[in-house]
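# Sharing a model that was predicted from the sequence below.
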Amino acid sequence: MIELDDRHWWYRGRRRVLSSVLDRLELPPAAQILDAGCGSGRTLDELQRYGSVTGIDASRRALAAARARGHSRVFAARVERLPFEDASFDLITCLDVIEHTPDDVASLRELRRVARPGARMLVTVPAYQWLWSRHDDANLHYRRYRRGTLRDSAEVAGWSVERTTYFDSLLLPPAAVVRLAQRLLPSPRGARSDLRLTPRALDPALALPMYAEAVVLRLGVKLPAGLSLLAELVNAQPAGLRAIAWPLSEPAREVARQMFA
């Protein structure tokens, strides 16, 4: 993944989709931005246009790659336990990460802890459990998502869901055929990521459908199906609620949430 981050059509397309959503957001000047699961740091390069960037990743190899790009504020951590104070960030991106965590609600709740009141978070995840394949096994996924399951997890964690949309829609039919065929014809090499399934020469052509989708998403259109799912979340919790509710038990926090809702 680190090796392919710069040039692979999937990563290039996802960055274009991300930018189309980010350009629609109203962020404060000098916004504090966290990329939770920053990988090689390639997305941090893009996020620098919007504010001051910080990254975390569980892979020390990934962090070394990010530092080699010139990103000094990158830290070894998992999304379930972030090394930051409450209410530290105006924008959080968490791209294809929470499907790797055993408890996605706990991960989303921890990400919300470090989000400032009114902060936005952009989350992407793989879509449809019926598309489960050796790619998911190779990447140690716990689950794939539908729009409703991602919304439910986000809301239980306390986020307000502003918008959800699928993307990578045009490649859904051929990808579905390939993955269903893989079930009938298991690879003798075991679980392998689909990132190496397509030849490098096809990267520019395969990225084009996602570039086109990015134009549509920039207009606020929601795509009804796709290989991936994107959610735009908002920490709508009033500023005073965190200070009041945090020392209390979970039942007491829930009562406080209802009072301030």
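Good, I have the coordinates.
# CA only for contacts and neighbour counts going forward, please
Noted.
# Now for the residue nearest the centre of the chain: which residues touch it?
Closest residue to the average C-alpha location of the chain: Leu95 at 2.2 Å, with Cα atoms, centre = their mean. Contacts for Leu95 were tallied using Cα atoms under 8 Å, 6 or more residues apart in numbering; they are 36-37, 122-125.
# Okay, now the unreliable bits of the stretch 51-200 of the chain?
The stretch 51-200 of the chain contains residues with pLDDT under 70 at 186-196.
# which residues of it fall in strands?
Listed in chain order, the strands of the stretch 51-200 of the chain (DSSP state E, counting those that start in this stretch) span residues 51-57, 74-76, 89-95, 115-126, 160-167.
# Including distance to Val216, could the ones you listed go into TSV?
Converted to TSV, the strands of the stretch 51-200 of the chain look like this (distance: least, Cα to Cα, whole Å):
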stretch	distance to Val216
strand 51-57	25
strand 74-76	33
strand 89-95	20
strand 115-126	17
strand 160-167	10
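# Select, out of these, the one closest to Tyr11.
Comparing these against Tyr11 with Cα to Cα, the closest turns out to be strand 89-95 (10.4 Å).
# After the biggest helix by length in the chain, which helix or strand is next?
Using DSSP state H, we find that the single longest helix of the chain is helix 203-218. Following helix 203-218 in sequence order, the next helix or strand is strand 228-234 (DSSP states H and E).
# For that following strand, what is the distance to the chain centroid?
Its chain's C-alpha centre and that of strand 228-234 lie 8 Å apart, by Cα atoms, centre = their mean, to the nearest Å.
# tilt between that strand and strand 115-126?
Strand 228-234 and strand 115-126 are oriented at 170 degrees to each other (axes from the mean of the first three to the mean of the last three Cα atoms, to 10 degrees).
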